[in-house]
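Engineer: Below: sequence and its predicted model.
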Amino acid sequence: MFRTLARYQVAIDVGFAVVFTAVLFPSAAADNGVLAVVVLLGYGVALALRRLSPPLALAISWVFAIGQMAGGLGTQGANTAILFVLFATAAYGSDRVRKIGLVSTVVGGIVAATFLTLVGDPNVSPDGSRSVGDYAQQLIILLVASWAVLGLSWALGRIALANRMSIEEKHQRALAEIEQERALQDIAVEHERNRIARDMHDIVAHSLAVVIAQADGARYARKADPEAVDEALGTIAGTARDALRDVRGVLAQLRHNTDDVPATESQDLSTLVDRMRAAGLRIDFDSAGDATDLGAGGHLTLYRIAQEALTNALRHGDSSRPVSVTVESVPTGTTLTVRNSVRAASESTGGHGLIGMRERAFLSGGTLTTSHDHGVWTLVAHIPGALTGMEPAE
């Protein structure tokens with residue numbers, strides 16, 4: 001029944017009611033006596049409560065309006081408080097209170113016009129010789145005037161409500177847009193974190209796989225073939241330096257815009273194949289066509305997918321059989337096919353690395369499929385050209 005208002009709002013309403021009562025008090029006390037003062041005080045209370053409790057203010061106004069008519073009082077300056085109360089019912093009341101306020105406007109206009117026509121207004125000298133037509137004419141005039149004044153007050157309150165709701169709606173829309181922008185920023189941050197995590201996984205997993213393979217090979221061959229040890233150590237050192245450079249490049253992306261950070265690798269598949277061969281992996285590499293249409297992003301995606309596939313082949317594949325790497329480039333895109341035999345004891349399918357490869361292909365607008373048939377693991381990745389791969393594949 002009571003609305004929540006700030007203290008300053010309550011203070012303003014009470015102060016306005018006090019000033020309203022104080023201004024009209026002398027004339028009410030001088031002209032109409034105690035009853036007029038009581039009516040004035042009642043309207044003052046309704047005026048003070050009009051925003052805090054519109055239905056209570058309306059009820060109080062009705063009580064004192066009826067008391068005013070029952071006491072034979074005509075129009076008073078205090079009656080202007082009714083206009084403020086009707087405004088408040090439309091502007092601050094609930095749907096039910098607004099409807100009651102509208103009904104009060106209609107009924108109040110009829111009651112006031114009828115009372116002033118039949119009983120008369122002591123403040124206006126009546127003509128005792130009036131006919132029925134005169135009464136009817138006066139009733140219509142007073143009814144129209146009452147509805148116009150009371151209806152205008154209620155309508156202005158309804159307009160004020162519409163304006164306030166419009167402002168609140170705009171405010172809510174602005175808040176929603178801010179929340180949406182924050183959510184999009186969070187998604188972008190999470191996407192960037194996942195991308196960096198994939199890069200770190202690719203770099204570290206690949207480099208460590210090569211280092212471990214070279215270190216194991218050097219340990220077994222140090223007596224029989226000392227030169228192989230030197231070659232292995234050279235490969236380990238080169239791989240470690242490349243990994244350090246790549247990690248630094250990825251970490252630099254945490255401090256700068258990714259568009260401002262140079263690529264961490266040459267993205268040359270031939271260099272990658274030579275490195276993996278040096279790690280002890282037998283690779284049959286075949287490249288056909290020109291992949292320049294892929295663009296920088298497509299080249300990096302192709303390189304990372306090949307790197308992860310060969311790293312998995314080194315870790316889980318059958319080293320006695322070669323790995324087949326085929327790259328076919330056409331104007332519409334490039335297809336990478338990697339086939340390797342899997343050891344019988346190994347059931348790994350790539351784990352998080354496979355998930356990362358699929359996501360990389362998807363974000364480049366391409367596709368990635370894998371199959372495991374009769375001990376042969378096959379990966380096929382298609383990366384569209386820069387002009388044809390603007391949108392991710394469905």
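Structural biologist: Cool, the structure landed. Because the structure is a prediction, the values reported are computed rather than measured. Residues are numbered from 1 along each chain as shown.

Engineer: Now the residue most central in space within the chain: which helix or strand?
Structural biologist: The centre of the chain sits closest to residue 180, judged by Cα atoms, centre = their mean, with a distance of 2.0 Å. Per DSSP states H and E: residue 180 is located in helix 132-221.

Engineer: Apart from its neighbours in sequence, what residue is nearest residue 44?
Structural biologist: Nearest residue to residue 44 in three dimensions, chain neighbours excluded: residue 21, at 3.9 Å (Cβ to Cβ, 6 or more residues apart in numbering). Where C-beta positions appear, they are placed from N, C-alpha and C, glycine not excepted.

Engineer: residues contacting that neighbour?
Structural biologist: By Cβ atoms under 8 Å, 6 or more residues apart in numbering, the contact set of residue 21 is 40, 41, 43, 44.

Engineer: What of residue 9?
Structural biologist: Neighbours of residue 9 in contact, by Cβ under 8 Å, 6+ apart: residue 51.

Engineer: Now do the end-to-end distance for stretch 73-80.
Structural biologist: End-to-end span of stretch 73-80 (Cα to Cα, to the nearest Å): 15 Å.

Engineer: Return the set of buried residues in it.
Structural biologist: By neighbour count with 16 or more other Cβ atoms under 10 Å, stretch 73-80 contains the buried residues 73, 74, 76, 78, 79.

Engineer: give me phi/psi at the second one?
Structural biologist: So that's residue 74. Per-residue torsions, residue 74: phi -90, psi -160 (degrees, to the nearest 10).

Engineer: could you measure it against residue 116, distance?
Structural biologist: The gap separating residue 74 from residue 116 is 7 Å, by Cβ to Cβ, to the nearest Å.

Engineer: Neighbours of residue 301, how many?
Structural biologist: As a burial measure, residue 301 scores 27 neighbours (other Cβ atoms under 10 Å).

Engineer: got a pLDDT number for residue 375?
Structural biologist: As predicted, residue 375 sits at a pLDDT of 86.

Engineer: State the distance from it to residue 321.
Structural biologist: Here the criterion is Cβ to Cβ. By it, residue 375 lies 9 Å from residue 321.

Engineer: where exactly do the strands run in the protein?
Structural biologist: In the chain, the segments counted as strands under DSSP state E are 283-288, 323-330, 333-341, 367-373, 376-384.

Engineer: could you redo the ones you listed as a markdown table and give each row mean neighbour count and distance to residue 96?
Structural biologist: Formatted as a markdown table, the strands of the chain follow (neighbours: other Cβ atoms under 10 Å; distance: least, Cβ to Cβ, whole Å):
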| stretch | mean neighbour count | distance to residue 96 |
| --- | --- | --- |
| strand 283-288 | 14 | 79 |
| strand 323-330 | 18 | 72 |
| strand 333-341 | 22 | 66 |
| strand 367-373 | 14 | 61 |
| strand 376-384 | 21 | 62 |
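
Engineer: Would you format those strands as TSV with distance to residue 316 included?
Structural biologist: Formatted as TSV, these follow (distance: least, Cβ to Cβ, whole Å):
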stretch	distance to residue 316
strand 283-288	15
strand 323-330	11
strand 333-341	9
strand 367-373	11
strand 376-384	8
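
Engineer: so which of the ones you listed gets nearest residue 186?
Structural biologist: With respect to residue 186, and counting by Cβ to Cβ, the nearest of those is strand 367-373 at 27.0 Å.

Engineer: Give me the angle between that closest one and strand 333-341.
Structural biologist: Per axes from the mean of the first three to the mean of the last three Cα atoms, to 10 degrees, the angle that strand 367-373 makes with strand 333-341 is 20 degrees.

Engineer: by how many degrees do strand 367-373 and strand 376-384 diverge?
Structural biologist: Going by the same axes, to 10 degrees, strand 367-373 makes 170 degrees with strand 376-384.

Engineer: what packs against strand 367-373?
Structural biologist: Here strand 367-373 touches helix 351-363, strand 376-384, going by 3 or more Cβ pairs under 8 Å, 6 or more residues apart in numbering; DSSP states H and E.

Engineer: strands paired with that strand, and their directions?
Structural biologist: Paired neighbours of strand 367-373 in the sheet (DSSP bridges): strand 376-384 (antiparallel).

Engineer: Just the CA coordinates for the partner strand, please, in PDB.
Structural biologist: Only the C-alpha atoms of strand 376-384 are listed here, as PDB (Å, rounded to 0.1, in the frame of the first residue of the first chain):
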ATOM      1  CA  VAL A 376      46.200 -47.000 -39.400                       C
ATOM      2  CA  TRP A 377      45.400 -43.500 -38.100                       C
ATOM      3  CA  THR A 378      44.300 -41.100 -40.700                       C
ATOM      4  CA  LEU A 379      43.800 -37.300 -40.400                       C
ATOM      5  CA  VAL A 380      42.400 -35.200 -43.200                       C
ATOM      6  CA  ALA A 381      42.200 -31.400 -42.700                       C
ATOM      7  CA  HIS A 382      40.900 -29.000 -45.300                       C
ATOM      8  CA  ILE A 383      41.700 -25.300 -45.000                       C
ATOM      9  CA  PRO A 384      39.900 -23.000 -47.500                       C
END
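
Engineer: on that earlier part again, present the buried residues of stretch 73-80 as TSV; the columns should include pLDDT and distance to residue 184.
Structural biologist: Shown next, in TSV, are those (pLDDT from 0 to 100; distance: Cβ to Cβ, whole Å):
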residue	pLDDT	distance to residue 184
73	84	66
74	80	67
76	85	61
78	89	58
79	91	57
